[in-house]
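>>> Just to be clear, the model below is a prediction. Sequence and coordinates:
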Amino acid sequence: MKIEKGWWVSTAIAALVLAVVGTAVAQSDTIASVKQKGKLVVGVKADYKPFGYTDPSGKIVGLEIDLANDVAKRLGVQIELVPVIAANRMEFLKQGRIDLMIATMAYKPDRAEVIGIPQPYYYAGAANVFAKKGSGLKQWSDLKGKPVCGIQGAYYNRRTGEEFGANLVVFKGVTEAMAALEAGNCVGTVFDTTFFAGVMSDPKWADYAMVLPSIDPEPWGVGVRKEDAKFASYMSDVIKDWHKTGTILELEKKWGIPQSPFLAEQRDKYK
């Protein structure tokens with residue numbers, strides 16, 4: 001799986017712009033701040049198994065939590081995890097409520113105008129609709145005029161409603177959206193295939209499936225504050241090291257995730 005050159009060009013331009021904004025950088029040195037307080041505050045998902053979710057003991061665990069812990073270890077500080085959702089994760093970062101965001105965020109040009117997004121560390125499967133088997137939904141056009149559950153802040157909501165004509169019912173988080181689907185309030189839930197792959201391992205959803213052709217595959221990126229070029233560069237180097245050492249490939253095995261072709265490509269690129 002190849003990422004289009006536009007991603008890398010956009011990232012290079014963004015890095016160049018950040019590098020010349022000296023005053024802003026001086027006002028936002030995340031690394032120095034983190035080391036001074038001895039703690040890295042990371043925004044993560046708590047409802048997206050197996051990347052970030054709350055286990056039966058109430059602890060937030062998952063692949064992205066392991067990555068967050070690795071960053072804190074590299075910086076030699078403690079870690080604090082702050083649950084975020086798609087609707088608030090960028091705002092939390094901009095407001096300084098978190099130092100770093102590792103929360104299943106797809107790279108989009110409009111997001112890169114608001115926060116800093118170093119090179120991708122993962123690749124989301126794509127968007128799909130999770131619905132009951134035998135629902136009769138086979139193409140995206142079949143959603144026209146039907147109620148579809150969505151998650152606030154998800155990038156494919158607009159296309160689902162405007163292009164395919166679905167009556168989108170938007171919920172604060174994925175937990176609420178899936179509960180509405182189970183209650184029969186929607187014909188399906190639109191979200192990404194990476195999440196649904198984890199859901200399908202739960203016997204509770206045995207009568208459901210991803211029923212449409214997947215669309216809009218997107219790379220995932222971590223988020224840093226827009227003005228902090230130093231931390232963006234640091235995280236870019238960390239991500240390269242994760243790829244070089246096969247760290248995320250090993251974490252996929254740990255969390256029972258099928259191997260990502262993107263990660264295999266990145267390992268071969270940087271080894």
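Nice, I can see it.

>>> Can you find the helix or strand in this structure with the smallest mean pLDDT?
Lowest on mean pLDDT, DSSP states H and E among the helices and strands of the chain sits helix 22-26, with a mean of 40.

>>> Where do the helices of the chain begin and end?
Taking DSSP state H to define them, one finds helices in the chain at 5-20, 22-26, 30-37, 63-75, 89-94, 109-112, 157-158, 174-182, 193-199, 229-245, 247-254, 261-270.

>>> among those helices, which gets the worst mean confidence?
When these are ranked by mean pLDDT, helix 22-26 comes last with a mean of 40.

>>> Which residue comes closest to Ile239 once chain neighbours are left out?
In this structure, Ile239 finds its nearest non-sequential neighbour in Tyr121, 4.7 Å apart by Cβ to Cβ, 6 or more residues apart in numbering. Backbone N, C-alpha and C define where each C-beta goes, glycine included.

>>> Save the helices of the chain as CSV, and put in distance to Asp142 and mean neighbour count too.
Below are the helices of the chain laid out as CSV (distance: least, Cβ to Cβ, whole Å; neighbours: other Cβ atoms under 10 Å):
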stretch, distance to Asp142, mean neighbour count
helix 5-20, 31, 13
helix 22-26, 48, 12
helix 30-37, 46, 15
helix 63-75, 33, 20
helix 89-94, 31, 20
helix 109-112, 28, 13
helix 157-158, 17, 16
helix 174-182, 16, 19
helix 193-199, 18, 19
helix 229-245, 38, 19
helix 247-254, 33, 16
helix 261-270, 29, 16
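
>>> Those into JSON lines, with extra columns for distance to Ser57?
Shown next, in JSON lines, are these (distance: least, Cβ to Cβ, whole Å):
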{"stretch": "helix 5-20", "distance to Ser57": "38"}
{"stretch": "helix 22-26", "distance to Ser57": "40"}
{"stretch": "helix 30-37", "distance to Ser57": "27"}
{"stretch": "helix 63-75", "distance to Ser57": "14"}
{"stretch": "helix 89-94", "distance to Ser57": "24"}
{"stretch": "helix 109-112", "distance to Ser57": "33"}
{"stretch": "helix 157-158", "distance to Ser57": "33"}
{"stretch": "helix 174-182", "distance to Ser57": "18"}
{"stretch": "helix 193-199", "distance to Ser57": "19"}
{"stretch": "helix 229-245", "distance to Ser57": "27"}
{"stretch": "helix 247-254", "distance to Ser57": "18"}
{"stretch": "helix 261-270", "distance to Ser57": "29"}
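
>>> Between these, which one is closest to Leu137.
Leu137 lies closest to helix 174-182 among the helices of the chain, at 12.5 Å (Cβ to Cβ).
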